[in-house]
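Chemist: Give me coordinates for this.
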Amino acid sequence: MSPGRLFKQLALMVWGFGLFFPYLTAAEPVAQQNYYSIQLLSGEPEMIKNAWQKVHELPYVRIEKHTGQHMLRVGFWNNKKPARKQLALIRNNFSDAFILQVKFEPNKIVQGWTTNTRKKNTSDITEGRVKPLPLPSNLVLRQEYSRPEILAFRDRHEIWFENALIKPVKKPFFPSRPVATEPVKKQKAMPNEAPLWRLYKEEKYDVLQAEIIRIRGNYPNWHPPQKLLNLLLQGKIAQKINQSIRENDAAMLIHMAELYPDVFTCTRIDWAWALADARAALKQTSSLILGLHRLIPVCSEQERLATLYKARYWLDADKWEKLLEREAKAYRTSQGENKFQNLRYSYQCEKLLAAYQANDPIEFRALLSQLESEIERYRDVHTALLGGWHYYNAQEMAAAETWFTKALAWDPNQRDALHGLSLSAMQDGRFDDAQYFARKLPTSSEVRQNILSDTNVSTDFPSVPDTKSIALAGGELNPGNSFAYVGAILPLSSRFGDGFLQRYWVDRLTYSFDDNGRKINAEQWGAEVLFGYRKPYRQGWWAAYVGPAYRNIQFSPNVANISNRGSAFRGKIQLEGEQILSDTWRVNAIASYVTGQHNYWVRGRLLHTLNNRIFIGPEVITLGDTNFKIVQLGWAILAAEVLPKTDVGVKFGVRKAKGLSATGYIGIELGRSF
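Modeler: Take a look at the predicted model:
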């Protein structure tokens, strides 16, 4: 080796040693260099400062301020192992502490030790992290995150971006001995940047990063566009955040929030909610509340209310109520005010239910009194029922009936309200009222059967149905004669009061009778509209109807001396009733009379109850006018609720018309409630 070449190599070694000696012998961390540190707390400055006073003897303890947020951190380790040992001790007092990899940035330290530090020697004016631009809002939020098993740390891609990507490439060192090379091909002064932008639009950030490195190796004088670098950094940040959300990595998500707090704001409310969920999962309540305080005053009305709704599942009642008070002071549109009032009302109803379940009458009544006007404004049936049952259990029947009545007014078919009103009436000894509300319950309802059984009243089929309206149809057959009918019984308008009814009816009757030794066959068509009133009482019920009736009667052969021939409008009166004889026996009867025609129809039945659904017993029917008289003796079997809201009856027996021989008959009856 020549002396000249040896001298050059020694000089190069001395220069390199001098360059790196300060870094090897430094007692303090080097600015802008990455280290492992432990973060103890983040939050309000006063809280952080008090904690710093307790741990100021730890290595390199300091308070840092990043984008308006204060953080208490400890240590600068090049190796993660000693950091983990220190973390195990620190977590005895700071359970939320975790390891992260950060740069030493003296300008960010607002409380700590005083030191003179060296900055890295660099000639690149673009060094330093670029402030991210607003990110696109097209990413899907994931919720419900589990506690992570490992701590987060920054990956090599972020370190590469911050330490290598935006620095100029150093010129390669060439040895003094000439090396034979091929002729260098002439290159373009600058590369085509269009493919780089295409990779960015396709969100292929890793490929874009590798392509930038390749191009810079081929074009030493080329610098990537600053806008592209900004967007690439934003894309990688968004990619890392979304990955943390998809994988339920709460620690990594919190770490990203420490590095880039400005992106977890109202512009990306889904990320802010995911961060709050992560902090709730890791029991970082102080940081969670601080983050919510930053969101609620500044976000849009819809986002604030949505944040409040979600926070109900992150915080306990006291802390959530403070957030509610904070939102109450904000401006809202009329639509937003309605949503806010609904949210607050729902929360108060939750507290009311909790007091009911805890059997705390004092708290329950205080809350119910506060909510009474809102319950009426919202027509809240379920909360009104809660009030009714509370007072019923406390044996305060007047107050119970008040709340049950409100619930029934808002929902006329509310079974719990009917049940509560019937029980309250029974407790007060008002058995007629108890029966009235019990009859409005479905026939198959066990509650209904128990109430009516307790009052010794049963109004199952064949009584007038419990529902407001019923359709009726039926018929009878016997040799040469028949009877068929359809009808409906409906309530009158509510302004007439309970019990007033209207009855519509159409029938066809064929019969035979003897006229001085001649057999006369008759066909009668009838239609009527009756109005009446039905009244239940302790041992049964009665009803009375009156109204116009139309009759058309034709005879064969057409004998001149027979009355009631042809069409006519008449008046009709009809009486009905049922009397309960015992728990298993009852008697019911129907009688009607048509004026002018002197037509009558009477039926009586004695029925035995088999199982509250099947009734069986004898019946007697007689009908006639000035021309004929018929008597029927038979047996009736009646079944309730054969189909939903449908009752069916069958009957059979012997029929005898005056002057004619006896014949048999069979019939069917149908009733459908609606």
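Chemist: ok, and for stretch 259-268, which residues are buried?
Modeler: Neighbour-count burial for stretch 259-268 flags Leu259, Tyr260, Pro261, Val263, Phe264, Thr265, Arg268 (criterion: 16 or more other Cβ atoms under 10 Å). All C-beta spots, glycine's among them, are computed from the backbone N, C-alpha and C.
Chemist: Now do the phi/psi pair for Ala417.
Modeler: With angles defined as degrees, to the nearest 10, Ala417 sits at phi -70, psi -40.
Chemist: Please apply the same query to Leu232.
Modeler: Taking degrees, to the nearest 10 as the convention, Leu232 sits at phi -60, psi -40.
Chemist: wait, what's in contact with it?
Modeler: Phe161, Tyr200, Tyr205, Leu208, Gln209 (Cβ atoms under 8 Å, 6 or more residues apart in numbering).
Chemist: try Ala438
Modeler: By Cβ under 8 Å, 6+ apart, the neighbours of Ala438 are Leu418, Ser422, Val447, Arg448, Ile451, Leu452, Thr455.
Chemist: Would you confirm that the fifth one contacts Gln427?
Modeler: This means Ile451. No. Assessed by Cβ atoms under 8 Å, Ile451 is found out of contact with Gln427, at 11.7 Å.
Chemist: Can you tell me the strand partners of the strand ranked longest in the chain and which way each runs?
Modeler: Across the chain, the longest stretch assigned as strand under DSSP state E is strand 518-537. Within its sheet, and counting by DSSP bridges, strand 518-537 is paired with strand 500-515 (antiparallel), strand 540-556 (antiparallel).
Chemist: so can I have JSON lines of these showing distance to Met252 and mean pLDDT?
Modeler: Listed next are the strands paired with strand 518-537 as JSON lines, based on distance: least, Cβ to Cβ, whole Å; pLDDT from 0 to 100:
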{"stretch": "strand 500-515", "distance to Met252": "74", "mean pLDDT": "91"}
{"stretch": "strand 540-556", "distance to Met252": "75", "mean pLDDT": "91"}
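Chemist: could these go into TSV alongside distance to Pro644 and mean neighbour count?
Modeler: Shown next, in TSV, are these (distance: least, Cβ to Cβ, whole Å; neighbours: other Cβ atoms under 10 Å):
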stretch	distance to Pro644	mean neighbour count
strand 500-515	23	18
strand 540-556	24	17
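Chemist: would you turn these into a markdown table with distance to Asn564?
Modeler: What follows is the strands paired with strand 518-537, written out as a markdown table (distance: least, Cβ to Cβ, whole Å):
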| stretch | distance to Asn564 |
| --- | --- |
| strand 500-515 | 12 |
| strand 540-556 | 5 |
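Chemist: quick one: which of those is nearest Lys236?
Modeler: Lys236 lies closest, by Cβ to Cβ, to one member of these: strand 500-515, at 78.6 Å.
Chemist: For the closest one, what is the distance to the chain centroid?
Modeler: A distance of 55 Å separates the centroid of the chain from that of strand 500-515, by Cα atoms, centre = their mean, to the nearest Å.
Chemist: One more: stretch 297-309?
Modeler: That offset, for stretch 297-309, works out to 19 Å (Cα atoms, centre = their mean).
Chemist: Now do it: everything it contacts.
Modeler: Residues contacting stretch 297-309 (Cβ under 8 Å, 6+ apart): 265-266, 269, 272-273, 276, 292, 295-296, 323-324, 326-327, 330, 332-333, 336, 339-340, 343.
Chemist: let's go with 7 Å and repeat that
Modeler: For stretch 297-309, contacts defined as Cβ atoms under 7 Å, 6 or more residues apart in numbering pick out 266, 269, 292, 295-296, 323-324, 327, 330, 332-333, 336, 339-340, 343.
Chemist: Residue ranges in the chain under the pLDDT threshold?
Modeler: Within the chain, the set of residues satisfying pLDDT under 70 comprises 1-28, 67, 113-188, 444, 453-468, 494-497, 538, 583, 612.
Chemist: Would you mind splitting it into its domains for me?
Modeler: 29-128+151-163, 379-454, 470-673 (automatic domain parsing).
Chemist: winner for burial among those domains?
Modeler: Here the criterion is mean neighbour count by mean count of other Cβ atoms under 10 Å, and of those the winner is domain 379-454, at a mean of 19.
Chemist: returning to that earlier point: could you dump the domains of the chain to CSV with distance to Ala306?
Modeler: Shown next, in CSV, are those (distance: least, Cβ to Cβ, whole Å):
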stretch, distance to Ala306
domain 29-128+151-163, 23
domain 379-454, 23
domain 470-673, 43
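Chemist: Quickly name whichever of the contacts of Ala438 is closest to Asn588.
Modeler: Leu452 (16.1 Å).
Chemist: Is that closest one in a helix, a strand, or coil?
Modeler: Following DSSP: H, G, I helix; E, B strand; the rest coil, the label given to Leu452 is helix.
Chemist: same thing with Glu325?
Modeler: With three-state DSSP as the criterion, Glu325 reads helix.
Chemist: next one: Asn611
Modeler: Three-state assignment for Asn611 (three-state DSSP): coil.
Chemist: What about Gln239? Give its phi and psi, please.
Modeler: phi -60, psi -40.
Chemist: Now do the same contact list for it.
Modeler: Each residue near Gln239 by Cβ under 7 Å, 6+ apart is listed here: Tyr205.
Chemist: Please tell me how far it sits from Ile520.
Modeler: Look at Gln239 and Ile520: by Cβ to Cβ, to the nearest Å, they are 101 Å apart.
Chemist: Next: Ile289.
Modeler: 98 Å.
Chemist: what comes up buried for stretch 289-307?
Modeler: 289-292, 294-296, 299, 301, 303-307.
Chemist: now do the same end-to-end measure for that stretch.
Modeler: 12 Å (Cα to Cα, to the nearest Å).
Chemist: from the middle of its chain, how far away would it be?
Modeler: 22 Å.
Chemist: now the most centrally placed residue in the chain: how far from Leu308?
Modeler: Residue closest to the average C-alpha location in the chain (Cα atoms, centre = their mean): Ser346, at 11.8 Å. Using Cβ to Cβ, we find Ser346 at a distance of 11 Å from Leu308.
Chemist: Hmm, Glu476 is touching Tyr665, no?
Modeler: Yes. Proximity of Glu476 to Tyr665 meets the contact threshold set by Cβ atoms under 7 Å, at 5.5 Å.
Chemist: Quick check: buried residues in the strand or helix carrying Lys322?
Modeler: If you go by DSSP states H and E, Lys322 is part of helix 317-328. Buried residues in helix 317-328, counting neighbours by 16+ other Cβ under 10 Å, are found at Trp320, Leu323, Leu324, Glu327.
Chemist: Just the closest of those to Val110, please.
Modeler: Nearest member of the buried residues of helix 317-328 to Val110, counting by Cβ to Cβ, is Leu323, at 28.5 Å.
Chemist: can you give me phi and psi for the closest residue to Arg379 other than its chain neighbours?
Modeler: Take Arg379 and drop its neighbours on the chain: the residue closest to it by Cβ to Cβ, 6 or more residues apart in numbering is Trp410, 4.4 Å away. Dihedral pair for Trp410: phi -80, psi -20, per degrees, to the nearest 10.
Chemist: again, but for Ser244
Modeler: Per-residue torsions, Ser244: phi -60, psi -40 (degrees, to the nearest 10).
Chemist: Now do the contacts for it.
Modeler: Contacts for Ser244 (Cβ under 7 Å, 6+ apart) come out as Met252, Leu253, Met256.
Chemist: rerun that using 8 Å as the cut-off
Modeler: Ala250, Met252, Leu253, Met256.
Chemist: Could you do Gln53 as well?
Modeler: Contacts of Gln53 (Cβ under 8 Å, 6+ apart): none.
Chemist: can I assume it sits in a helix?
Modeler: Yes. Counting by three-state DSSP, Gln53 is found in a helix.
Chemist: From Leu40, how far off is it?
Modeler: 13 Å.
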